[in-house]
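Trainee: structure, please.
(4 chains)
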2 protein chains.
Amino acid sequence: MSEPANTTRERIIEAAMRVFARDGLQGATTRAIAQEAEVNEVTLFRQFQNKEGLLAAVMTHAVQANHSESMGDEAEWTGNLKKNLRRFADNLYASLVRDEAFLRTMIGEGKRHPEHSKKLIMDAVKPVRERFIANLEAARKAGLVRKGIDLGIAADAFTAMLFGGMLRNTAGCSWGYEPADYVAICVDVFAAGLAPVPRA
Amino acid sequence: MSEPANTTRERIIEAAMRVFARDGLQGATTRAIAQEAEVNEVTLFRQFQNKEGLLAAVMTHAVQANHSESMGDEAEWTGNLKKNLRRFADNLYASLVRDEAFLRTMIGEGKRHPEHSKKLIMDAVKPVRERFIANLEAARKAGLVRKGIDLGIAADAFTAMLFGGMLRNTAGCSWGYEPADYVAICVDVFAAGLAPVPRA
DNA sequence: TATGGATGCAAGTAATCACTTGCACTCATC
DNA sequence: GATGAGTGCAAGTGATTACTTGCATCCATA
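Mentor: Numbering: from 1, shown residues only, chains lettered A, B, ... in the order given. Predicted coordinates for the structure are as follows:
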């Protein structure tokens, strides 16, 4: 909306995201990125100065893309908690799988580029996290969640469950179940773990 | 026990593991590894032929080290389930934090070196996973865990919770709680999620 | 029609990479 | 004391890297 959408620049950024995801931040060469973008290598340097500048542009683009995607969806969580959890988990897991390669390289370089991984977490997952927490609090207000549990931590635990599971399931060695089964068990256990104790 | 412990070879392997963890598989140069091992660079090639051979040696060494470490500990899980879960979680989380850097680079390169990440998962985490599942099944036999839940998937979900949480907590941007709080909530929610329903 | 900005192309830079070669040294074992 | 395996040292290989320079070309706008 704000920018006039420089076609070349955007094409380079999206190509760079693909190549970074495929080859890693170190393994991605400026040549390969330029080729993927169908652009001369020198154009890349004229637009972004150097590889680091390109990476920074890719990161802010990734955050913005995530923002415009995660809008919509999700009403109030006043009804069936498990059903709402399940829908949330399915959507989140699907998008994690879709971005698997990029997420992996970002995790791998997390210690070597702390600013970027921090930005990704703070700017991209923060809004999703906060709405998730708000939904859990609404559900608690409706009596669907027991007291005495920090819902911020619980929300992080739930997303970590999906995230870690995705890393395992996409690693190529399955242990005899489908991703859908995994998500279902996560939702089941988490929902039961949050449910109010029905008077001992 | 089996090998006569070639000092030079082992020193190179351990140095390589540190440099791989610090700089990534791509970023780690044979020069840096040789320097870290206080060994001439050419010795590295004479011992392992090439960088890939060195990486393979590092992986089998990592698996063996993990094996000899994860022995001992843990009796039967017939008593307090939550207490046993807590001890398991504390130990696992601590070792995940200790190996954070190496795990991150392995996750990052998981798609580019599938054999190695597969080996790491199959050979290193498998035994821990199987004993964890056996413990959960023993607890179920003792009436501490409800039926209708695949304990293999549940075990994976629990470790994924700790694993994903470790990645988040060590990423440098905390959300106002300590790792111990996180682990405690994980154990709390998971234990409650597995608990038998007390007659509605 | 003229100007200026964005792009392509060809060529080249200095640095770094994984990996090799040849030679000298040590040291345990025969 | 001779042998041979393991190591260090110096030097060098060709390939690849990020990044630069100079010049031609397009094309929208003034």
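Trainee: hey, let's count contacts and neighbours off CA atoms from now on
Mentor: OK.
Trainee: what sits against residue A:165?
Mentor: Residue A:165 sits next to A:182, B:156, B:157, B:160 when contact means CA atoms under 8 Å, 6 or more residues apart in numbering or on different chains.
Trainee: quick check: phi and psi on the spatially closest residue to the second one that is not a sequence neighbour?
Mentor: So that's residue B:156. With CA to CA, 6 or more residues apart in numbering or on different chains as the criterion, residue B:156 has its nearest non-adjacent residue at 7.2 Å, and that residue is residue A:165. Backbone geometry at residue A:165, expressed as degrees, to the nearest 10, gives phi -60, psi -40.
Trainee: where do the helices sit along chain A?
Mentor: Per DSSP state H, chain A carries helices over the ranges A:7-27, A:30-36, A:41-48, A:51-70, A:81-98, A:100-108, A:114-119, A:126-141, A:151-169, A:179-194.
Trainee: can I get these in TSV including mean pLDDT?
Mentor: Formatted as TSV, the helices of chain A follow (pLDDT from 0 to 100):
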stretch	mean pLDDT
helix A:7-27	96
helix A:30-36	97
helix A:41-48	96
helix A:51-70	90
helix A:81-98	95
helix A:100-108	96
helix A:114-119	91
helix A:126-141	94
helix A:151-169	97
helix A:179-194	97
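Trainee: DNA strand D contacts on chain A?
Mentor: Within chain A, the positions near DNA strand D by CA under 7 Å from any atom of the strand are A:26-31, A:41-42, A:45, A:49-52.
Trainee: what subset of the residues you listed is buried?
Mentor: A:28, A:29, A:30, A:51 (16 or more other CA atoms under 10 Å in any protein chain shown).
Trainee: which of the residues you listed sits closest to residue B:129?
Mentor: When those are compared for distance to residue B:129 (CA to CA), residue A:28 comes out closest, at 35.1 Å.
Trainee: now do the contacts for the closest one.
Mentor: Residues counted as contacts of residue A:28 (CA under 8 Å, 6+ apart) are A:19, A:20, A:22.
Trainee: leaving out sequence neighbours, find the closest residue to the second one.
Mentor: So that's residue A:20. Setting aside the residues directly before and after it, residue A:20 is nearest to residue A:28 in space (CA to CA, 6+ apart), at 5.5 Å.
Trainee: related to what we said a few turns ago, nearest to residue A:125, of the contacts of residue A:28?
Mentor: residue A:20 (20.0 Å).
Trainee: next up, the contacts around that closest one.
Mentor: A:27, A:28, A:102, A:105.
Trainee: next one: residue A:90
Mentor: Applying CA under 8 Å, 6+ apart to residue A:90 gives the contacts residue A:183.
Trainee: one more time with 6 Å, if that's ok
Mentor: Counting by CA atoms under 6 Å, 6 or more residues apart in numbering or on different chains, residue A:90 makes contact with nothing.
Trainee: how near is it to DNA strand C?
Mentor: Distance, residue A:90 to DNA strand C, using CA to the nearest atom of the strand, to the nearest Å: 39 Å.
Trainee: would you mind measuring from that residue to residue A:147?
Mentor: Using CA to CA, to the nearest Å, one gets 26 Å for the distance from residue A:90 to residue A:147.
Trainee: check residue A:48 too.
Mentor: 51 Å.
Trainee: the two: which has the busier surroundings?
Mentor: The neighbour comparison of residue A:48 against residue A:147 (other CA atoms under 10 Å in any protein chain shown) goes to residue A:48, with 17 against 14.
Trainee: burial measure for the nearest residue to that one once chain neighbours are set aside, as a count.
Mentor: Leaving aside its chain neighbours, residue A:48 sits nearest to residue A:54 (5.3 Å; criterion: CA to CA, 6+ apart). Residue A:54 has 20 neighbours, counted by other CA under 10 Å.
Trainee: and what of residue A:46?
Mentor: Neighbour count of residue A:46, defined by other CA under 10 Å: 9.
Trainee: same question, residue A:79
Mentor: Residue A:79 is flanked by 11 other residues according to other CA under 10 Å.
Trainee: next: residue A:14.
Mentor: The burial count for residue A:14: 18, using other CA under 10 Å.
Trainee: same thing with residue A:7?
Mentor: Residue A:7: 9 surrounding residues under other CA under 10 Å.
Trainee: do residue A:80 as well
Mentor: Residues contacting residue A:80 under the criterion other CA under 10 Å number 10.
Trainee: those residues of chain A touching chain B, which are they?
Mentor: Counting by CA under 6 Å from any CA of the partner chain, chain A comes close to chain B at A:104-105, A:107-108, A:157, A:160-161, A:164-165, A:189-190, A:192-193.
Trainee: dump those residues into JSON lines; add distance to residue A:82 as well.
Mentor: Shown next, in JSON lines, are the residues of chain A next to chain B (distance: CA to CA, whole Å):
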{"residue": "A:104", "distance to residue A:82": "29"}
{"residue": "A:105", "distance to residue A:82": "33"}
{"residue": "A:107", "distance to residue A:82": "30"}
{"residue": "A:108", "distance to residue A:82": "33"}
{"residue": "A:157", "distance to residue A:82": "16"}
{"residue": "A:160", "distance to residue A:82": "18"}
{"residue": "A:161", "distance to residue A:82": "16"}
{"residue": "A:164", "distance to residue A:82": "21"}
{"residue": "A:165", "distance to residue A:82": "19"}
{"residue": "A:189", "distance to residue A:82": "10"}
{"residue": "A:190", "distance to residue A:82": "9"}
{"residue": "A:192", "distance to residue A:82": "9"}
{"residue": "A:193", "distance to residue A:82": "11"}
